[in-house]
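Colleague: A structural model of the following input is requested.
(one chain, ligands or ions: 1)
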Amino acid sequence: MVALRRYRRRMETSGKVAVVTGAGAGLGAALARRLAGAGMKVAVADIAIDDAEDVAAAIRNDGGEAHAIHLDAGDEGAIESLATRVEAELGPCQILCGNVGVQQFGKAEDLSRADWEWVYGVNVFGTAALVRRFLPQLRRSTDARILITASTSALYPCSHMSAYVSSKYALLGYTETLRMELADEGIGVTAMLPGPMATTHLASSEAAKPDIAGHPVHTPDTIAVIAQGAGGEMIDADTATRNVLDDLAKKRPYVITHHVHTEPIEARYAEIREAFELARR
Ligand SMILES: NC(=O)c1ccc[n+]([C@@H]2O[C@H](COP(=O)([O-])OP(=O)(O)OC[C@H]3O[C@@H](n4cnc5c(N)ncnc54)[C@H](O)[C@@H]3O)[C@@H](O)[C@H]2O)c1
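Modeller: Numbers count the residues shown, from 1 in each chain. Down below sits the predicted model:
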């Protein structure tokens, strides 16, 4: 019985087809390397195609299999083309990592509708469209997984990041709901909640932001505010993925990448608990 349980928890990785969005840098690139290192064929999808090509070439150099594919994660037409190319060039996707997430700093009152639409278009609507489009391929596998990159920002707010934080709250709610809806089909759905990582997150968001009548992604004054609010150690993206294969194999609901200050999370839940207590009045 124990042996059977162990067997059930193992995930066959060799030859599986994985798609990682935002894989041209940072966490996405680290996920692509990790999955390829376990023997998967990986689609390295990114809006910055040269960066995606570099990541894919480095994986191939190390003996892995990787294909760079251009993707604007906020564009449903581009998601459609990605799905078509993945199936034609690698085979049906079995592991889907919706990792792209763009950042937008600025006080809530200053952000324009265009800023909000961009952040939600990529982080929330883009992720939902990605999953919707890839589900028919995932359903053809007997052991499919979906990994969605949220953030510890989905657990507690951070000043001057209202569009990003609220998009990550939405993404966590989406991922948890999807997990319930796909459980009977055996498709594991996991939310990744990274803390601060040393990546090019701000620069790549700035580069990917379309030319819209919006706020700059970041300004020196907002960086200073964020630096004060950021709690916990900063780690590199490869370290952040160190347990992800095991977490996916075991269909864990959450991947916490590293320690962050938990006080703001506990304070938030304490206030919510108190509000429930007050409802007894
Ligand atoms: N860096 C952090 O501290 C941190 C913390 C928590 C969560 N996250 C999340 O981790 C994920 C990855 O961020 P990162 O820190 O690795 O950033 P990164 O800048 O290193 O990588 C992001 C990649 O996404 C690509 N990209 C941006 N917009 C895109 C679009 N519209 N379509 C396709 N590709 C696009 C960029 O070109 C870049 O290659 C994001 O969801 C982010 O919100 C990051």
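Colleague: For residue 46, grab phi and psi.
Modeller: phi -160, psi 150 (degrees, to the nearest 10).
Colleague: Now do it, the pLDDT please.
Modeller: According to the prediction, residue 46 has pLDDT 98.
Colleague: Who are the contact partners of it?
Modeller: In this structure, residue 46 makes contact with 21-25, 28, 52, 55, 68, 70-71, judged by C-beta atoms under 8 Å, 6 or more residues apart in numbering. No exception for glycine: its C-beta is placed from N, CA and C like everyone else's.
Colleague: Just the ones in strands from these, please.
Modeller: 21, 68, 70 (DSSP state E).
Colleague: what helix or strand is residue 238 on?
Modeller: helix 237-240 (DSSP states H and E).
Colleague: Name the residues that touch that helix?
Modeller: Outside of helix 237-240, the residues within contact range by C-beta under 8 Å, 6+ apart are 26-27, 29-30, 33-34, 194, 197-199, 257-258.
Colleague: and these as TSV, adding distance to residue 99 and secondary structure?
Modeller: What follows is the contacts of helix 237-240, written out as TSV (distance: C-beta to C-beta, whole Å; DSSP: H, G, I helix; E, B strand; the rest coil):
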residue	distance to residue 99	secondary structure
26	9	helix
27	6	helix
29	10	helix
30	10	helix
33	13	helix
34	12	helix
194	10	coil
197	12	strand
198	16	coil
199	11	coil
257	12	coil
258	17	coil
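Colleague: Run through the residues you listed and flag the ones next to the ligand.
Modeller: Within the set of those, contact with the ligand (C-beta under 6 Å from any ligand atom) is found for 26-27, 194, 197, 199.
Colleague: Would you map the helices across the stretch 1-150 of the chain?
Modeller: Along the stretch 1-150 of the chain, counting by DSSP state H, counting those that start in this stretch, helices occupy 2-9, 26-37, 49-61, 76-89, 113-120, 126-138.
Colleague: Can you add mean neighbour count and give the ones you listed back as a markdown table?
Modeller: Compiled in a markdown table, these are given as follows (neighbours: other C-beta atoms under 10 Å):
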| stretch | mean neighbour count |
| --- | --- |
| helix 2-9 | 8 |
| helix 26-37 | 26 |
| helix 49-61 | 18 |
| helix 76-89 | 16 |
| helix 113-120 | 18 |
| helix 126-138 | 20 |
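Colleague: buried sites along the helix holding residue 238?
Modeller: By 16 or more other C-beta atoms under 10 Å, the buried positions in helix 237-240 come out as 237, 240.
Colleague: close enough to count as contact, residue 86 and residue 17?
Modeller: Yes: with contact defined as C-beta atoms under 8 Å, residue 86 counts as touching residue 17 (6.9 Å).
Colleague: any residues in contact with both of the two?
Modeller: Overlap between the contact sets of residue 86 and residue 17, as judged by C-beta under 8 Å, 6+ apart, is given by 43, 92-93.
Colleague: How many residues are close by residue 258?
Modeller: If you count neighbours by other C-beta atoms under 10 Å, residue 258 ends up with 16.
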